[in-house]
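Colleague: just coords:
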């Protein structure tokens with residue numbers, strides 16, 4: 001019996017050692033790019049509120065302060081609305097006039113809401129007064145969807161086998177799509193190397209595209225022309241990917257490092273959750289927090305950084321900013337932090 005116990009303890013020790021080595025390798029890989037410094041200001045960060053959610057499938061669909069709208073990846077017709085002032089949570093159901101696939105993404109923009117489905121090339125829209133979804137566009141393929149106003153939208157679409165920022169408008173309810181080629185710069189394959197997130201900042205009336213695998217973001221004016229190109233504080237200017245061409249398309253073989261995990265544009269500023277620790281950061285503290293870097297959209301200059309601490313050992317998996325507050329999803333919780341913009 002004693003010999004069996006010793007063998008089991010030995011096996012457990014070996015497994016734990018292997019996990020530790022793998023963790024160290026993962027941390028050291030991102031730390032290899034830590035040739036830059038951050039300016040930190042955490043004096044004004046304060047946790048204001050937390051809300052327990054039924055599951056970990058909720059996401060922030062939009063904010064019209066004091067209301068925070070939450071979508072659900074398992075049930076795309078179900079919406080939760082959190083009033084940050086009264087702390088009241090209400091639920092709504094989207095009513096589709098046409099049968100809709102459940103794999104939808106919800107965006108709430110002031111008095112309007114939009115439901116998009118990239119697999120089915122569908123876009124629905126409606127008013128939050130009745131939550132009835134009307135078909136807006138069918139058959140126009142896209143990868144990302146960002147509303148600019150109630151009848152004009154920005155898309156990421158495939159044109160000439162490359163990711164392209166496009167404008168979707170309507171002429172007598174007929175969808176009109178216009179591509180703006182050349183905004184996204186190809187480095188490897190034109191697909192994976194140009195992956196990123198598209199935002200719209202109402203204050204500056206500008207689009208912001210943040211690359212996923214390189215230290216770059218684009219500020220685009222209302223005419224879909226490049227206003228400025230900015231760089232995040234890290235030094236990864238080249239996407240570190242391996243792709244393979246299979247038939248007429250590309251497949252992602254491996255991605256060495258994600259640079260800009262999550263981002264959000266609001267009130268003339270860009271907020272980026274970076275995946276790269278700086279030279280002046282302690283790795284233990286970096287692992288216990290999510291770092292947010294702030295950039296001004298007008299001159300694309302870096303402002304400062306702050307930490308959002310892990311909540312119940314969960315890092316944020318997305319966030320949004322409104323009215324001097326940062327809202328994030330951390331595990332099964334919606335969290336709200338105050339800070340000075």
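Modeller: In hand now; what should we look at? Please read these numbers as outputs of a predicted model, since none were measured by experiment.

Colleague: Would you agree residue 79 is in contact with residue 71?
Modeller: Yes: here residue 79 reaches residue 71: they are 6.4 Å apart, a contact under CB atoms under 8 Å. Just so you know, the C-beta spots here come from the backbone N, C-alpha and C atoms, and that holds for glycine as well.

Colleague: Need the overlap of contacts for the two.
Modeller: Listed contacts common to residue 79 and residue 71 are 61, 106; contacts here mean CB atoms under 8 Å, 6 or more residues apart in numbering.

Colleague: so who does the nearest residue to residue 88 once chain neighbours are set aside touch?
Modeller: Counting by CB to CB, 6 or more residues apart in numbering, the nearest residue to residue 88 once its immediate chain neighbours are dropped is residue 82, at 7.8 Å. When the contact criterion is CB under 8 Å, 6+ apart, the partners of residue 82 are 51, 67, 68, 70, 88, 89, 334.

Colleague: Just the buried ones from those residues?
Modeller: Burial by neighbour count, judged by 16 or more other CB atoms under 10 Å, picks out 51, 67, 68, 70, 334 from these.

Colleague: Take those residues and lay them out in TSV including distance to residue 180 and pLDDT.
Modeller: Listed next are the buried ones among the contacts of residue 82 as TSV, based on distance: CB to CB, whole Å; pLDDT from 0 to 100:
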residue	distance to residue 180	pLDDT
51	39	97
67	33	97
68	32	98
70	32	98
334	35	98
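
Colleague: Now secondary structure too, for those, in a markdown table please.
Modeller: Written out in a markdown table, the entries for the buried ones among the contacts of residue 82 read as follows (DSSP: H, G, I helix; E, B strand; the rest coil):
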| residue | secondary structure |
| --- | --- |
| 51 | strand |
| 67 | strand |
| 68 | strand |
| 70 | strand |
| 334 | strand |
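
Colleague: Among those, which one lies nearest to residue 36?
Modeller: Using CB to CB, residue 334 is the member of these that sits closest to residue 36, with 31.8 Å.

Colleague: and of the contacts of residue 82, the nearest to residue 270?
Modeller: When the contacts of residue 82 are compared for distance to residue 270, the smallest value, 20.3 Å, is given by residue 68; criterion: CB to CB.

Colleague: what bridges to the closest one?
Modeller: Beta-bridge pairing of residue 68 under DSSP bridges involves residue 63, residue 82.

Colleague: separation between the residue positioned nearest the centre of the chain and residue 116?
Modeller: The residue lying closest to the centre of the chain (CA atoms, centre = their mean) is residue 262, at 4.0 Å. In this structure, residue 262 lies at 19 Å from residue 116, with CB to CB, to the nearest Å as the measure.
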